[in-house]
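Colleague: Whatever this is, show me its structure:
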Amino acid sequence: MLKKILSFSILLISFFTAVAQKNTTVNSKYDAHALFSPLPYSMESNVYRAASGEPNIGYWQNRADYKINASLNDVTHEITGSVIISYKNNSPQALPFLWLQLDQNLFNKDSRGQSRMPLDKHSRYGDSKSGFNGGYKIASVQIIGDNTTDANYIVSDTRMQIRLAKPVAANGDSIKIKIEYAFTLPEEGADRCGILKTINGDIFAVAQWYPRMCVYDDVEGWNTLPYLGAGEFYLEYGDFDVNITVPASHIVVASGVLQNPTEVLTATQIQRLEAAAKSDKTVMIRTEKEVTDPSSRPAGNTLTWHFKMYNARDVSWASSKSFIWDAARINLPSGKTSLAMSVYPFEAAGRSKWSRGTEYVKGSIENYSKRWYEFPYPVAVNVATNVNGMEYPGIVFCNAKSEGSELFGVVDHEFGHTWFPMIVGSNERKYGWMDEGFNTFMNSLAKVDFNKGEYYETPRGMDVMAQYEFGAQSESILTAPDAMNERNISVALYYKPGYGLELLRNQILGPDRFDYAFRTYIQRWAFKHPTPWDFFRTMNNVGGEDLTWFWKEWFIDNYRLDQSIVSVDYENNNAANGAVVTIANLDQMAMPVILYYETESGLSGTINLPVEVWNNTNTWKVKLPITEKLKSVVLDPDKVFPDMDFSNNSWKGE
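Modeller: A predicted model of the protein is given here:
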């Protein structure tokens with residue numbers, strides 16, 4: 001028996017030695033097992049979230065409705081307000097305390113966010129040298145009921161905890177909270193709110209302007225990460241009833257529908273708005289000349305503007321006496337309409353500037369409504385501000401100095417955020433790529449769609465972009481925004497996830513399967529709270545592919561790609577018999593293979609191989625169907641994959 005075992009072992013050794021001699025040895029970092037072994041998701045499916053990536057039969061989320069009264073002092077820049085929050089606990093747990101967000105506290109000089117501002121360089125989120133000291137001044141917090149009582153609360157940086165005498169019971173109990181507050185609006189508000197000085201008056205872009213409920217969900221319970229600047233927002237859905245009192249000379253635009261136009265607009269402006277609601281062409285509501293004409297505003301010292309917004313996660317507004325105002329109808333796939341509007345100062349007017357702003361709003365929303373999911377709001381307002389670009393439900397803030405393709409790009413991007421995170425309510429504070437990256441991907445298609453490609457530019461090849469997106473200083477997409485080096489945010493949250501989805505659509509799933517899966521993801525999670533794992537599972541199940549290798553290399557880890565041509569050999573040293581190309585995967589990322597070849601007489605062809613050729617090896621041999629000598633062979637000739645070294649992707653014949 002021992003003799004037979006020894007003989008068999010010798011045969012095995014001889015076999016593997018022979019195989020090894022036939023395989024090409026390459027210097028590769030690639031480990032197929034690390035990439036293609038089954039990847040366990042960090043969250044198992046349960047009664048709340050299904051393995052298929054959709055909300056399960058037990059899915060729930062809480063709700064917050066807001067009634068807000070606020071006033072603006074345009075001299076001191078102070079906003080005073082009161083908010084009544086009606087909070088409904090749909091969770092299966094009783095809640096003995098509540099957490100709220102106080103985002104304006106970021107601008108308190110002693111906040112955690114300000115303590116992170118660098119001394120030696122600029123930050124988008126604050127200035128260590130600024131003398132501004134903002135934040136909320138809380139006058140009172142009350143629990144409203146049969147007997148209104150003062151609440152027991154504490155403030156911790158950008159959060160408030162209310163400790164309840166009686167818990168909010170599970171499965172549908174509710175509570176009402178009233179908070180009276182004030183704060184001074186910063187001129188530079190972390191690029192999310194601010195004040196723009198113009199010839200005809202300041203423009204106040206107001207956001208994060210009322211205490212908001214933290215999300216209590218089935219994943220983490222209370223989500224109480226502090227607001228530090230980079231990490232954006234995670235909010236509950238609800239209805240909003242808002243009154244904003246400003247100087248009578250001001251025009252106010254906001255999320256939602258204006259409820260009292262006869263009280264705050266002239267008869268002419270009301271007629272023009274009615275005409276705009278029926279027009280595909282931009283209609284002037286308040287012209288440049290009328291901005292300095294007192295008759296373009298009703299008489300009085302102050303006016304109160306009343307807005308309502310339904311099933312939204314937030315509301316924002318802007319106010320100024322300097323606003324030029326125009327509008328046009330938005331046509332939606334269902335036959336419904338919405339209203340696109342732009343407000344901007346004299347300095348931003350002009351055909352190459354903001355006078356086309358409403359056209360861009362209309363084009364963006366009509367396009368995305370047709371491609372993905374219908375726009376859910378009755379208005380879409382574009383505001384020229386000192387904010388470079390920031391999104392809120394039904395209203396966005398864009399830089400007043402933008403023009404041409406830059407203005408189209410920022411308007412399209414900010415309104416693209418309607419779908420992520422306004423409709424699909426992901427946790428931006430932790431997973432910024434789930435709104436910025438998804439939106440960047442959608443923007444790449446919009447550049448082709450808008451006005452027959454008016455602003456389309458041929459994208460730069462990955463021979464340039466790979467080093468930018470996967471260089472030595474790059475970070476994983478799944479890194480929380482506040483934990484990223486600020487210089488990496490544009491790459492890790494915007495470009496890299498956006499381009500990853502482009503590759504998934506164009507090179508892996510194909511447009512038909514990808515678009516169907518992406519639309520399904522939006523439909524499943526509209527006005528709900530998905531996690532990354534819900535997205536991954538949905539794309540796998542609806543797209544019909546196990547894409548865990550892709551999620552791992554592109555989103556979870558920070559792998560790099562280096563495909564290479566090792567050799568080109570003619571069969572039996574005779575080109576008439578065809579050629580064999582040996583290719584290698586030299587780094588830890590794997591991608592499908594696009595192999596282009598051209599013969600000496602000019603005949604050419606392309607061979608496409610799936611990613612599965614790298615399932616268990618770092619080298620692969622490809623037979624070329626030729627009968628003459630080759631002029632060249634090239635891997636990824638159009639440079640669509642993020643190869644870190646394109647110099648080893650080509651071979652030239654002698």
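Colleague: wait, Thr302 sits on Ser249?
Modeller: No. Thr302 lies out of contact with Ser249 (CB atoms under 8 Å); the separation is 9.6 Å. C-beta coordinates here come from the backbone N, C-alpha and C atoms, glycine included.
Colleague: Run through the stretch 551-654 of the chain and note the low-pLDDT ranges.
Modeller: Within the stretch 551-654 of the chain, no range satisfies pLDDT under 70.
Colleague: okay, Thr302 and Ser249: which has more neighbours?
Modeller: Per other CB atoms under 10 Å, whichever of Thr302 and Ser249 has more neighbours is Ser249, with 19 against 12.
Colleague: Hmm, Arg297 and the more buried one touching each other?
Modeller: Yes. Assessed by CB under 8 Å, Ser249 is found in contact with Arg297 at 5.4 Å.
Colleague: Overlap in contacts, these two.
Modeller: Counting by CB atoms under 8 Å, 6 or more residues apart in numbering, the shared contacts of Ser249 and Arg297 are Lys321.
Colleague: all helices of the stretch 401-550 of the chain, in order?
Modeller: Here the stretch 401-550 of the chain has its helices, by DSSP state H, counting those that start in this stretch, at 404-416, 433-449, 462-470, 489, 496-503, 511-525, 532-543, 548-550.
Colleague: Kindly report the same for the stretch 151-300 of the chain.
Modeller: Under DSSP H, counting those that start in this stretch, the stretch 151-300 of the chain gives helices at 261-264, 267-276.
Colleague: returning to that earlier point: show me the one of the helices of the stretch 401-550 of the chain that comes nearest Arg560.
Modeller: helix 462-470 (5.0 Å; CB to CB).
Colleague: How about residues contacting the following helix or strand past that closest one?
Modeller: Beyond helix 462-470 in the direction of the C-terminus, DSSP states H and E gives the next helix or strand as helix 489. Outside helix 489, the residues that touch it by CB under 8 Å, 6+ apart are 230, 432, 481.
Colleague: pLDDT, distance to Ser86 and neighbour count added to the residues you listed, as CSV?
Modeller: Output for the contacts of helix 489, formatted as CSV (pLDDT from 0 to 100; distance: CB to CB, whole Å; neighbours: other CB atoms under 10 Å):
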residue, pLDDT, distance to Ser86, neighbour count
Ala230, 96, 31, 22
Gly432, 97, 29, 26
Pro481, 96, 31, 22
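Colleague: In a markdown table, list these along with distance to Thr385.
Modeller: Below are these laid out as a markdown table (distance: CB to CB, whole Å):
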| residue | distance to Thr385 |
| --- | --- |
| Ala230 | 20 |
| Gly432 | 22 |
| Pro481 | 22 |
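Colleague: between these, which is nearest Ser650?
Modeller: Using CB to CB, the contacts of helix 489 come closest to Ser650 at Gly432, 37.2 Å.
Colleague: Export the helices of the stretch 401-550 of the chain as CSV, with columns for distance to Arg356.
Modeller: Shown next, in CSV, are those (distance: least, CB to CB, whole Å):
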stretch, distance to Arg356
helix 404-416, 7
helix 433-449, 15
helix 462-470, 29
helix 489, 29
helix 496-503, 25
helix 511-525, 28
helix 532-543, 34
helix 548-550, 38
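Colleague: For these, give me a markdown table that also has mean neighbour count.
Modeller: Output for the helices of the stretch 401-550 of the chain, formatted as a markdown table (neighbours: other CB atoms under 10 Å):
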| stretch | mean neighbour count |
| --- | --- |
| helix 404-416 | 21 |
| helix 433-449 | 21 |
| helix 462-470 | 18 |
| helix 489 | 18 |
| helix 496-503 | 22 |
| helix 511-525 | 17 |
| helix 532-543 | 22 |
| helix 548-550 | 22 |
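Colleague: hmm, back to that, make CSV from the helices of the stretch 151-300 of the chain and add distance to Thr358 to it.
Modeller: What follows is those, written out as CSV (distance: least, CB to CB, whole Å):
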stretch, distance to Thr358
helix 261-264, 19
helix 267-276, 9
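Colleague: and those as JSON lines, adding mean neighbour count?
Modeller: Formatted as JSON lines, the helices of the stretch 151-300 of the chain follow (neighbours: other CB under 10 Å):
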{"stretch": "helix 261-264", "mean neighbour count": "15"}
{"stretch": "helix 267-276", "mean neighbour count": "16"}
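Colleague: Would you reformat those helices as JSON lines and include distance to Arg124 and mean pLDDT?
Modeller: Below are the helices of the stretch 151-300 of the chain laid out as JSON lines (distance: least, CB to CB, whole Å; pLDDT from 0 to 100):
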{"stretch": "helix 261-264", "distance to Arg124": "34", "mean pLDDT": "98"}
{"stretch": "helix 267-276", "distance to Arg124": "35", "mean pLDDT": "98"}
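Colleague: Was I right to think Asn618 contacts Asn27?
Modeller: No. Contact criterion CB under 8 Å: Asn618 and Asn27 do not qualify, at 9.8 Å.
Colleague: and for these two, which residues touch both?
Modeller: Residues touching both Asn618 and Asn27 by CB under 8 Å, 6+ apart: Leu586.
Colleague: Among these two, which residue is more densely surrounded?
Modeller: Under the criterion of other CB under 10 Å, the comparison of Asn618 against Asn27 puts Asn618 first, with 22 against 8.
Colleague: residues in contact with Lys362?
Modeller: 280, 328-330, 340.
Colleague: Surely it is within a strand?
Modeller: No. Remark: Lys362 does not belong to a strand; assigned using DSSP: H, G, I helix; E, B strand; the rest coil, it is helix.
Colleague: so what's it scoring on pLDDT?
Modeller: For Lys362, the model assigns a pLDDT of 98.
Colleague: Give the closest residue to it in space, chain neighbours not counted.
Modeller: Counting by CB to CB, 6 or more residues apart in numbering, Ala340 is the residue found nearest to Lys362 once chain neighbours are left out, at 4.4 Å.
Colleague: and that neighbour, what does it touch?
Modeller: Ala340 sits next to 327-330, 358, 361-362, 365, 380, 382 when contact means CB under 8 Å, 6+ apart.
Colleague: can you do 6 Å?
Modeller: With contact taken as CB atoms under 6 Å, 6 or more residues apart in numbering, Ala340 is in contact with 328, 330, 358, 361-362, 380.
Colleague: and it, backbone torsions?
Modeller: phi -90, psi 140 (degrees, to the nearest 10).
Colleague: Please tell me how far it sits from Glu180.
Modeller: From Ala340 across to Glu180, the span is 35 Å (CB to CB, to the nearest Å).
Colleague: what do you get for Leu235?
Modeller: Here Leu235 is placed at a distance of 21 Å from Glu180 (CB to CB).
Colleague: who's more crowded, the two?
Modeller: Leu235 (24 against 15).
Colleague: thought the more buried one was touching Arg313?
Modeller: Yes. Here Leu235 reaches Arg313: they are 4.0 Å apart, a contact under CB atoms under 6 Å.
Colleague: Val622 pairs with what?
Modeller: Beta-bridge partners recorded for Val622 (DSSP bridges): Val581.
Colleague: thinking it is in contact with Val581, fair?
Modeller: Yes. Look at Val622 against Val581 with CB under 6 Å: they come within range, at 4.6 Å.
Colleague: Identify the residues contacting Trp433.
Modeller: Counted by CB under 6 Å, 6+ apart, Trp433 has contacts 477, 493, 497.
Colleague: Any stretches of the stretch 301-450 of the chain with poor pLDDT?
Modeller: For the stretch 301-450 of the chain, no range has pLDDT under 70.
Colleague: related to what we said a few turns ago, can I get the contacts of Lys362 in JSON lines with distance to Asn152?
Modeller: Output for these, formatted as JSON lines (distance: CB to CB, whole Å):
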{"residue": "Asp280", "distance to Asn152": "56"}
{"residue": "Ala328", "distance to Asn152": "51"}
{"residue": "Arg329", "distance to Asn152": "51"}
{"residue": "Ile330", "distance to Asn152": "47"}
{"residue": "Ala340", "distance to Asn152": "46"}
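Colleague: Got a ChimeraX select line for the buried ones in these?
Modeller: Selecting the buried subset of the contacts of Lys362 in ChimeraX, with 16 or more other CB atoms under 10 Å as the burial test, is done by:
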select :328,329,330,340
